[in-house]
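Okay, predicted coordinates and the sequence, questions at the end:
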Amino acid sequence: MTFRRALLLGGLALIFFLALYSWNSRTGALDDLATNVGLEVSAQILGPLRYAKDGLGNFWNRYWDLVGVREENIRLKKRAEELEARLVAMREDLAELKRLRALAQFPVDARWRPLAARVLAGRLGPGAVMDTITISRGYTNGARPGVPLVTNLGLVGRVLRSSARAATALLITDPGSRIAVYGQESRAPGILKGQGTGKPMEVDFVQRDAPMNEGEILVTSGLDDKYPKGLPVARIERVAPSDYTQFMAIEAAPLVDFKRLEEVLLLEKSGVELPPEDPEEPAALFGPPIPARILKAREQRAAQPAAQGAESAPAPSPAPRTAPARPSVRRDSPSGQSAPRYRVIVP
């Protein structure tokens, strides 16, 4: 390119610029165009930069927030585990409190001293041939051989052998267990015999004319001098005449659930002798009271022969006097001693 052509192009460019400047000064179109173009270009450049800046800032903030959340989450998890453990312990304490309250309501007189004990294990020994439990008391603190064990539901068994701090108790379901019992309603005597865990107990030597019925509660009679009189032991499940002897064939189930046994009461003799009874006053009931419906039935049976005799007689005569029912008196109470009053607790 020659100098003349370059000078010519420069002159034309200057003229175009001056003309464009003059036109822009009058209309302002180029300023608006430049402003819009600049804003668009700036927005296109600054937008991603701002987004990247915000993203990095948010990421950093979230990182620190996540660190705090993680620490708080670990702390809350630990607190939740502690509270859950405390809740489980409180539930166990509440269940134990309910059981101990029920045991504390067991009624005994001054001749017996109740001692609480925990059940440590069950059915120990070679092959577990005996129905036994191990308790947390020994002969040094009340669990001597022969001491009865009870719960608020009824009789459990008696101590078989003991060491200084532990003892083994023979359950009433063991085949070697024999308990002298009465029917709570019929007052018919018998011998309750265990047949093993999961098997019904048997009541031997009950006469065929004894009015025992299904559902009747069996209580200790005290004739064997092993247990206090009047303790509930079992419930009759089946009554039928025996095919081989002159006695009844009776099956019963224990009132205590030995699979859920955790605490028991030992009835240790306190050595206290109760004052003698007043001979002018009737003897106290020894054992559970006779139900009212049984007393009413006896009165009706006693009144029926008298009514029949009055109808067949030719002349009216006064009705024979019948013996009054004994709602709270037992004539077989031991003389010279006050008999204990037991409150029978039926599940």
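Cool, got the structure.

which secondary structure element contains residue 26?
helix 3-27 (DSSP states H and E).

Rounded mean pLDDT for the one helix or strand residue 79 maps to, please.
Under the criterion of DSSP H and E, residue 79 resides in helix 29-104. The average pLDDT within helix 29-104 is 79.

and that helix, what does it pack onto?
helix 3-27, strand 112-122, strand 263-269 (3 or more C-beta pairs under 8 Å, 6 or more residues apart in numbering; DSSP states H and E). For the C-beta atoms, the positions are set from N, CA and C on the backbone; glycine is no exception.

Hmm, residue 173 is touching residue 200, no?
No: the criterion here is C-beta atoms under 8 Å, and residue 173 misses it with residue 200 at 9.5 Å.

So those two - more neighbours on which side?
Neighbour totals were compared for residue 173 and residue 200, and residue 173 leads with 23 against 18 (other C-beta atoms under 10 Å).

Read off the pLDDT value for the closest residue to that one other than its chain neighbours.
Of all residues not flanking residue 173 in the chain, residue 194 sits nearest, at 4.4 Å (C-beta to C-beta, 6 or more residues apart in numbering). Looking at residue 194, its pLDDT is 92.

Against residue 171, how distant is residue 194?
7 Å (C-beta to C-beta, to the nearest Å).

Quick check: neighbours shared by these two?
Common neighbours of residue 194 and residue 171 (criterion: C-beta atoms under 8 Å, 6 or more residues apart in numbering): 131, 177.

So for the protein, the centremost residue is which one?
Centroid check for the chain by C-alpha atoms, centre = their mean gives residue 95 as the closest residue, at 5.6 Å.

That one and residue 46, how far apart?
70 Å.

ok, now residue 224?
According to C-beta to C-beta, residue 224 and residue 46 sit 104 Å apart.

next one: residue 203
101 Å.

for residue 147, same thing?
If you measure residue 147 against residue 46 using C-beta to C-beta, the figure is 94 Å.

still on that earlier bit, from the helices and strands packed on helix 29-104, which stretch is densest packed?
Greatest average neighbour count among the helices and strands packed on helix 29-104 goes to strand 263-269 (a mean of 20), per mean count of other C-beta atoms under 10 Å.

Just list what that one packs against, helices and strands only.
helix 29-104, strand 112-122, strand 132-135, strand 148-150.

quick one: low-confidence ranges for the protein?
Applying pLDDT under 70 to the chain picks out residues 1, 30-31, 105, 123-129, 274-295, 297-298, 301, 305-347.

which stretches of the stretch 101-250 of the chain form helices?
Ranges of helices within the stretch 101-250 of the chain: none, based on DSSP state H, counting those that start in this stretch.

now the strands for it?
Secondary structure of the stretch 101-250 of the chain (DSSP state E, counting those that start in this stretch): strands at 112-122, 132-135, 148-150, 155-162, 167-171, 178-183, 189-193, 201-204, 217-220, 232-241, 248-254.

relative to strand 155-162, how tilted is the fifth one?
Orientation of strand 167-171 against strand 155-162 (axes from the mean of the first three to the mean of the last three C-alpha atoms, to 10 degrees) gives an angle of 140 degrees.

neighbouring strands for strand 167-171, and are they parallel or not?
Using DSSP bridges, the strands paired with strand 167-171 are strand 132-135 (antiparallel), strand 155-162 (antiparallel).

What about residue 151, how many residues nearby?
Other residues lying near residue 151 total 21 when counted by other C-beta under 10 Å.

list the contacts for it?
Contacts for residue 151 (C-beta under 8 Å, 6+ apart) come out as 102-103, 106, 256, 261, 263-265.

between those residues, which is nearest residue 164?
Proximity of the contacts of residue 151 to residue 164, judged by C-beta to C-beta, is greatest for residue 264, which lies at 18.8 Å.

Pick the most buried one from the helices and strands packed on strand 263-269.
strand 148-150 (a mean of 25).

ok now that one, how far from the chain's centre?
Between the centre of strand 148-150 and the centre of its chain there are 20 Å (C-alpha atoms, centre = their mean, to the nearest Å).

Show me what it is packed against.
Strand 148-150 sits against strand 155-162, strand 263-269, with contacts defined as 3+ C-beta pairs under 8 Å, 6+ apart.

and residue 53, which of those strands is closest to it?
Smallest distance to residue 53 across these (C-beta to C-beta): 71.0 Å, for strand 263-269.

Give me the sheet partners of the closest one and which way each runs.
Strand 263-269 is paired, per DSSP bridges, with strand 112-122 (antiparallel), strand 148-150 (antiparallel).
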